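Colleague: need a 3D model of the following:
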Amino acid sequence: MRKDTKSDSSLFLEIYVNNQLLASLWGHTKGVYASAGNAVITSLVDGDVVSVKTRSQHAVNIYGKSGQIYTAFTGVQIDTGRYTSMSAFSVGLTQHQEVHTGQNVLYNNILTDTNTAYSDSTGVYTVPSSGLYIFHFFSSSRQNPGLWQELFHNNIYVCSIYGRNNQDLVDAGNTVLLHVKKNDQISVRALRDSSLYGTFDQIYSTLTGTQLVREANMSSGPKPIVAFSVGLSHHVTVTTPDQSHI
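Modeller: Just a heads-up that it's a prediction; the model follows:
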């Protein structure tokens, strides 16, 4: 889910299943637009209601017009297969946490963990089954000094998130596809000291992942699996609509 607010107003929204809070998002800046997002993976049954809500004391002005669609809400059913379920997990922070440079974020609230593969004592997800996975991570800091975090695959850096706002909480997030092997480790580390925001009813910092394709199916079948995940490792200036350097 990704949302944008109108200029100089706050954005506070939450993802619910029925009456259960799953994740929150917050954004606020002075004089310009604020953007925020989050992602969760959860088990559902027929008749469950998934919704995005705000609270009565937090009315929001959400930006949107033809040709500028910033606000989106997306969901998909993961094919669990008939006999072997896909691996999936979704964890978050329901308490404030001080994370020092080089340390893993220790998400304490386990929403989903189909293989009991996430450790809340180490902040590490140990891959239970080889294949193609998608990972999302979002965080919110308690004002200064902002946040700067990195996703690691084993001890290999994958991608980053960064945010800073001297007046308020700051939100940032990223998503990546990875081809991982059984017993590989996924974690989120602080590149510098961060003070992360979290309470039982405001869950901004999350880490989620799910297996999309099993290893046995990566190259089998009539057509190979098509997937990609790319990023920028150098500065780029894009000046015209038809330029692409990613």
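
Colleague: show me what the mean pLDDT comes to for stretch 149-163.
Modeller: Computed over stretch 149-163, the mean pLDDT rounds to 96.

Colleague: of all the residues in it, which ones are buried?
Modeller: Using 16 or more other CB atoms under 10 Å as the test for burial, stretch 149-163 gives 149, 150, 151, 152, 153, 158, 159, 161, 163. All C-beta atoms are positioned from the backbone trio N, CA, C, and that covers glycine.

Colleague: what's the span of it from first residue to last?
Modeller: Using CA to CA, to the nearest Å, one end of stretch 149-163 lies 9 Å from the other.

Colleague: mind listing residues that contact it?
Modeller: Stretch 149-163 has contacts (CB atoms under 8 Å, 6 or more residues apart in numbering) with 99, 105, 135, 137-139, 141, 146-148, 170-174, 176, 178, 180, 184-191, 194, 231.

Colleague: just confirm residue 173 contacts residue 147, I think it does.
Modeller: No. Residue 173 lies out of contact with residue 147 (CB atoms under 8 Å); the separation is 10.6 Å.

Colleague: so, low pLDDT: which residues of the protein?
Modeller: The chain contains residues with pLDDT under 70 at 1-9, 31, 79-85, 143-145, 167, 221, 241-246.

Colleague: about what we covered before: okay, residue 173 and residue 147: which has more neighbours?
Modeller: Neighbours were counted for residue 173 and for residue 147 using other CB atoms under 10 Å; residue 147 has more, 28 against 22.

Colleague: now the more buried one. Nearest residue, chain neighbours left out?
Modeller: If you skip the residues right next to it in sequence, residue 147 has residue 141 as its closest partner in space, 4.0 Å away by CB to CB, 6 or more residues apart in numbering.

Colleague: okay, now that neighbour: neighbour count?
Modeller: Other residues within reach of residue 141 by the criterion other CB under 10 Å amount to 25.
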